[in-house]
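In: the following comprises the amino acid sequence and a computationally predicted model.
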Amino acid sequence: MGQEKPKPTSVIQHIESVLYVINQLCIGFVTIWVSWTCLRKDLAGIRLHAWLVTFGFVFLMAEGMMCFYEGSWLTLRYSRKYKTVFHVVLQVLGGGMGVAGCLIQLIRDDWSVSVTIHARLGFAAFILCLISLLSGLAAALARSCSRAVSPLINKTFHVVVSFAAYVIAMMAQYYGYTQTSIFKGQGEDFVILMQVVTLVAMVLTSIGAIKSLYQKFSSLAS
């Protein structure tokens with residue numbers, strides 16, 4: 001079976017579980033609000049771009065990153081094998097939607113990158129996400145390539161690139177609320193609230209990735 005027997009939880013694990021629930025609320029709030037804003041009218045152009053990158057990066061990619069997080073009650077009872085499957089599926093879907101959203105905007109802009117912070121961060125996230133997907137494939141094939149490159153190095157590189165892509169994508173999301181036309185008219189206070197919630201989701205989602213990086217760098221150093 002794909003489930004593991006539950007282990008006694010510590011105080012830290014209880015805190016992580018609470019933070020996980022708060023993070024899920026933040027991710028859900030942002031995803032639902034942006035989806036409603038984009039889907040209530042024709043899903044085309046800038047609205048399609050905004051919905052794809054939000055659903056891809058903010059929701060699916062974040063959920064994929066948290067599959068191995070100890071505080072995740074959604075995957076806590078599953079073995080590492082099943083967690084890996086969930087992680088790969090969510091990362092491929094999320095990364096694919098994010099890349100598609102960026103491509104749509106690049107095509108609309110005749111393959112030019114705007115001077116806004118949002119556009120530049122979005123383009124950087126687009127490039128890093130492509131590298132992340134390729135490095136993820138390399139990490140999945142790490143055992144068969146172990147003679148050429150250490151599997152640990154492959155996986156560490158994948159985590160670093162994926163983490164960077166996620167953080168930059170979330171920062172692009174942050175600036176997008178004030179630099180994208182479809183969010184104008186939502187109210188300045190509400191837009192500030194969305195920016196704060198987005199940053200909270202980014203920080204809480206990053207906990208698991210930072211712990212993973214620490215463990216991998218410790219293994220490389222030993």
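Out: Alright, I've got the coordinates. Numbering: from 1, shown residues only.
In: sec struct for the residue nearest to Ala119 when sequence neighbours are not counted, please.
Out: Leaving aside its chain neighbours, Ala119 sits nearest to Val113 (5.5 Å; criterion: CB to CB, 6 or more residues apart in numbering). Any C-beta I mention is one placed from the backbone N, CA and C, and that applies to glycine too. Recorded secondary structure, Val113: coil (DSSP: H, G, I helix; E, B strand; the rest coil).
In: residues in contact with Val113?
Out: With contacts defined as CB atoms under 8 Å, 6 or more residues apart in numbering, the neighbours of Val113 are Leu106, Ala119, Arg120, Phe123.
In: show the model's pLDDT score for it.
Out: On pLDDT, Val113 comes in at 90.
In: how much space between it and Ile153?
Out: Taking CB to CB, to the nearest Å as the measure, Val113 falls 32 Å from Ile153.
In: list the contacts of Gly96.
Out: Here Gly96 is in contact with Gly56, Leu133 (CB under 8 Å, 6+ apart).
In: repeat the analysis, applying 10 Å as the threshold.
Out: By CB atoms under 10 Å, 6 or more residues apart in numbering, the contact set of Gly96 is Leu52, Gly56, Leu60, Met61, Cys129, Leu133.
In: before we move on, what about Ser112?
Out: Counted by CB under 10 Å, 6+ apart, Ser112 has contacts Leu106, Ala119.
In: and it, how far is that from Phe123?
Out: From Ser112 to Phe123 the distance is 10 Å (CB to CB).
In: which residues are common contacts for those two?
Out: Common contact partners of Ser112 and Phe123 (CB under 10 Å, 6+ apart): Leu106.
In: what's the first helix or strand after the one helix or strand Gln13 maps to?
Out: Assigned by DSSP states H and E, Gln13 belongs to helix 11-39. The first helix or strand that comes after helix 11-39 along the chain, using DSSP H and E, is helix 46-53.
In: determine the set of other helices and strands touching that following helix.
Out: helix 11-39, helix 80-108, helix 117-140, helix 151-179 (3 or more CB pairs under 10 Å, 6 or more residues apart in numbering; DSSP states H and E).
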